[in-house]
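Q: What follows is a predicted protein model with its sequence.
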Amino acid sequence: GSSQAGGGPNNGARDERGVTGEVRAGGIETATGPVVGTGDAVVTRRNQRGLATGRGWVKNGDQWTVTELRRDGAMDVRRTNGTGRATLPAAYVRQHVELGYATTAHRAQGRTVDTAHAFVSATTLREPLYVMATRGRESNRLYVDTMYDPDVATSHEPPEELAPTDVLRYVLANSGADRSATLTITEEWANANSVTRLWAEYETIARRANEDRYAALVASSGLTPTQAEAVHTSEAWGPLTAAFRDAESRGLDLNRAVTALVQGRTLSSADDVAAVIHGRVTKWIKSSGDQWPADRIVGLLPTARGVTDPDMVLALEDRRRLLEQRARTLSLAALEQRQPWALELGRPSADPARREEWLSRLDTVAAYRERWNVDAGAVLGEEPRSHEQATQRQSAQDAVSTALAIANPASVAQDSCAPTPFIETREPLIRTVEL
């Protein structure tokens with residue numbers, strides 16, 4: 001991490017010590033931002049042989065307590081663990097002194113304290129975690145970020161909350177040790193072509209492609225210009241446009257519905273108009289049922305419709321093809337490796353057509369598992385923690401049921417050689433819903 005990595009915890013610790021009177025208010029502002037004053041714990045960040053401390057000299061990483069501030073900006077300090085003293089010139093203080101209450105795991109190597117407090121997130125590597133968890137003589141406390149969002153730019157909802165043990169399990173599996181070039185290339189390729197990465201790209205392109213159309217749809221729905229602008233700038237705009245795409249992928253008449261949903265009940269008292277409309281659209285989609293099958297990539301992810309820009313269309317088609325290829329690769333690997341979740345879905349039929357139907361359902365389940373990082377023994381893992389995951393889990397559950405039915409023809413009412421039913425094309429659905 002950078003030299004400022006502990007800025008937030010450092011400032012918080014100083015504020016608390018100021019309340020208890022252990023640190024005097026005010027002080028000298030350093031180049032990294034924080035103010036340093038009498039009573040503060042500080043760290044020097046540059047070797048300076050000309051600054052003697054008895055038998056030693058000031059070195060990078062030395063820990064000190066500030067004993068006095070001088071009018072010219074110089075600072076008298078005493079070693080935290082020792083008797084050495086020094087006077088640090090004003091220029092040195094401004095450029096090379098930092099608060100010393102918090103630091104990075106890299107700099108903490110070799111240090112020991114009575115109690116260590118460490119912040120851990122999903123991006124922490126295994127090796128620094130070991131350093132964090134072994135610095136305290138009496139106790140080591142880990143503060144785990146359970147709401148980490150790896151892709152803020154394309155998120156439609158607040159990040160799902162993870163159990164602290166799940167975050168730590170992920171960290172332990174995430175090593176920063178040197179790896180072979182072959183392994184590095186393999187892992188980087190897998191990350192770049194994962195369902196999670198490809199779907200994030202697809203959603204970003206789809207959102208940009210339909211941004212103007214959806215904004216115009218909202219503006220013409222009966223809202224005032226001020227309300228329409230507030231919807232477009234709201235944090236709920238992302239979830240709302242995702243719901244719009246979901247509705248269109250189901251063949252629902254979005255143009256008629258949005259006007260009806262906006263005008264069905266007053267919005268004058270709404271704190272967040274976009275959030276209210278999003279709730280109404282979600283309720284409408286649920287009430288519309290499954291009269292027509294949704295157009296979903298690998299049976300899981302809603303397809304973008306209404307895109308007219310040729311370049312955008314080409315980019316979306318490219319991601320769709322890659323998602324389908326990735327899901328099939330995952331399915332075949334699961335069968336070859338005899339992964340437990342795949343074995344639970346029965347055995348593929350010898351009939352080529354029925355085998356392909358069965359494999360397509362495995363594709364859906366495999367895509368869901370990678371999209372939501374399911375590595376548990378259960379086919380679909382734990383209960384969903386967001387509306388998006390719940391919707392996709394239902395699609396995956398339907399795929400599981402169909403795969404089992406295909407694998408066991410005796411339980412299927414129709415003959416195994418019967419053709420796939422023809423689905424008649426109809427006009428988009430608009431249904432009245434309670435607002």
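A: Looks like it arrived, so ask away.

Q: Output the below-cut-off pLDDT ranges for the stretch 151-300 of the chain.
A: The stretch 151-300 of the chain contains residues with pLDDT under 70 at 151-160, 176-191, 289-294.

Q: do the same with the stretch 1-150 of the chain
A: Using pLDDT under 70, the flagged stretches of the stretch 1-150 of the chain are 1-8, 54-55, 82, 105-113, 148-150.

Q: So which residues of it form strands?
A: Ranges of strands in the stretch 1-150 of the chain, per DSSP state E, counting those that start in this stretch, are 28-29, 35-36, 41-44, 48-53, 56-58, 63-69, 75-79, 85-88, 97-99, 113-120, 136-144.

Q: and the first one, what other elements does it pack with?
A: In this case it means strand 28-29. Strand 28-29 sits against strand 35-36, helix 90-96, with contacts defined as 3 or more C-beta pairs under 8 Å, 6 or more residues apart in numbering; DSSP states H and E. Where C-beta positions appear, they are placed from N, C-alpha and C, glycine not excepted.

Q: who's in contact with the first one?
A: The one in question is strand 35-36. 14, 26-30, 42, 66, 75, 93, 97-99 (C-beta atoms under 8 Å, 6 or more residues apart in numbering).

Q: could you redo the residues you listed as CSV and give each row neighbour count and distance to Gln325?
A: Compiled in CSV, the contacts of strand 35-36 are given as follows (neighbours: other C-beta atoms under 10 Å; distance: C-beta to C-beta, whole Å):
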residue, neighbour count, distance to Gln325
Arg14, 21, 54
Gly26, 11, 62
Gly27, 20, 60
Ile28, 19, 60
Glu29, 13, 56
Thr30, 18, 53
Val42, 25, 56
Val66, 25, 61
Met75, 26, 62
Val93, 25, 59
Val97, 25, 55
Glu98, 22, 50
Leu99, 25, 51
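
Q: Check the contact between Phe244 and Ala216; I expect there is one.
A: No - assessed by C-beta atoms under 8 Å, Phe244 is found out of contact with Ala216, at 12.0 Å.

Q: More neighbours: those two, which one.
A: Between Phe244 and Ala216, Phe244 has the larger neighbour count (other C-beta atoms under 10 Å), namely 28 against 11.

Q: what sits against the more buried one?
A: Counted by C-beta under 8 Å, 6+ apart, Phe244 has contacts Asn210, Tyr214, Leu217, Leu254, Val258, Val281.

Q: one more time with 6 Å, if that's ok
A: Tyr214, Leu254 (C-beta atoms under 6 Å, 6 or more residues apart in numbering).

Q: Pull up the gap between it and Lys286, please.
A: Separation of Phe244 from Lys286 (C-beta to C-beta, to the nearest Å): 15 Å.

Q: same check, this time on Leu223
A: For Leu223, the distance to Lys286 - C-beta to C-beta - is 23 Å.

Q: Give me the more crowded residue out of the two.
A: Between Leu223 and Lys286, counting by other C-beta under 10 Å, Leu223 is the more crowded of the two (20 against 10).

Q: How many residues are close by Ala236?
A: The number of residues packed near Ala236 is 19, by other C-beta under 10 Å.

Q: Verify the stated contact: it with Ala275.
A: Yes - if you go by C-beta atoms under 6 Å, Ala236 and Ala275 touch, sitting 4.1 Å apart.

Q: ok so, going back, tell me which of the strands of the stretch 1-150 of the chain sits most buried.
A: strand 97-99 (a mean of 24; mean count of other C-beta atoms under 10 Å).

Q: List the residues that contact Tyr101.
A: Neighbours of Tyr101 in contact, by C-beta under 6 Å, 6+ apart: Asn10, Ala13, Ala41.

Q: quick one: which of these is nearest Val231?
A: Nearest to Val231 among the contacts of Tyr101: Asn10, at 40.1 Å, using C-beta to C-beta.

Q: Please report how far the residue lying closest to the closest one once chain neighbours are set aside lies from Val298.
A: In space, and not counting its chain neighbours, Asn10 is closest to Leu99: 4.0 Å by C-beta to C-beta, 6 or more residues apart in numbering. Using C-beta to C-beta, Leu99 is found at 51 Å from Val298.

Q: what about the helix or strand harbouring Glu211, distance to the chain center?
A: Using DSSP states H and E, the element containing Glu211 is helix 195-219. Distance, stretch centre to chain centre, for helix 195-219: 18 Å (C-alpha atoms, centre = their mean, to the nearest Å).

Q: In a markdown table: the helices and strands packed on strand 28-29, plus distance to Thr123.
A: As requested, those are exported to a markdown table (distance: least, C-beta to C-beta, whole Å):
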| stretch | distance to Thr123 |
| --- | --- |
| strand 35-36 | 29 |
| helix 90-96 | 28 |
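
Q: show me the contacts for Pro9.
A: Contacts of Pro9 by C-beta under 6 Å, 6+ apart are Ala102.

Q: same deal with the one 3 residues further on?
A: Taking C-beta under 6 Å, 6+ apart as the criterion, Gly12 is in contact with no other residue.

Q: His96 now?
A: Neighbours of His96 in contact, by C-beta under 6 Å, 6+ apart: Arg45, Arg46.

Q: please redo it, this time with the cut-off set to 10 Å
A: 3, 30-32, 43-48, 58, 60, 88-89 (C-beta atoms under 10 Å, 6 or more residues apart in numbering).

Q: now Ser401
A: Ser401 neighbours (C-beta under 10 Å, 6+ apart): Leu345, Arg361.

Q: Confirm that Ala367 sits in a strand.
A: No - using DSSP: H, G, I helix; E, B strand; the rest coil, the assignment for Ala367 is helix, not a strand.

Q: how deep is it tucked in, by neighbour count?
A: 30.

Q: what does the model give it for pLDDT?
A: pLDDT, Ala367: 95.

Q: so it sits right up against Val195, yeah?
A: Yes - here Ala367 lies in contact with Val195, judged by C-beta atoms under 10 Å, at a distance of 5.0 Å.

Q: Mutual contacts of these two, please.
A: Common neighbours of Ala367 and Val195 (C-beta under 10 Å, 6+ apart) are Ile297, Val298, Leu300, Leu301, Leu323, Arg326, Ala327, Leu330.

Q: From these, pick the one nearest Arg355.
A: Nearest to Arg355 among those, with distances taken as C-beta to C-beta, is Ala327, at 15.9 Å.
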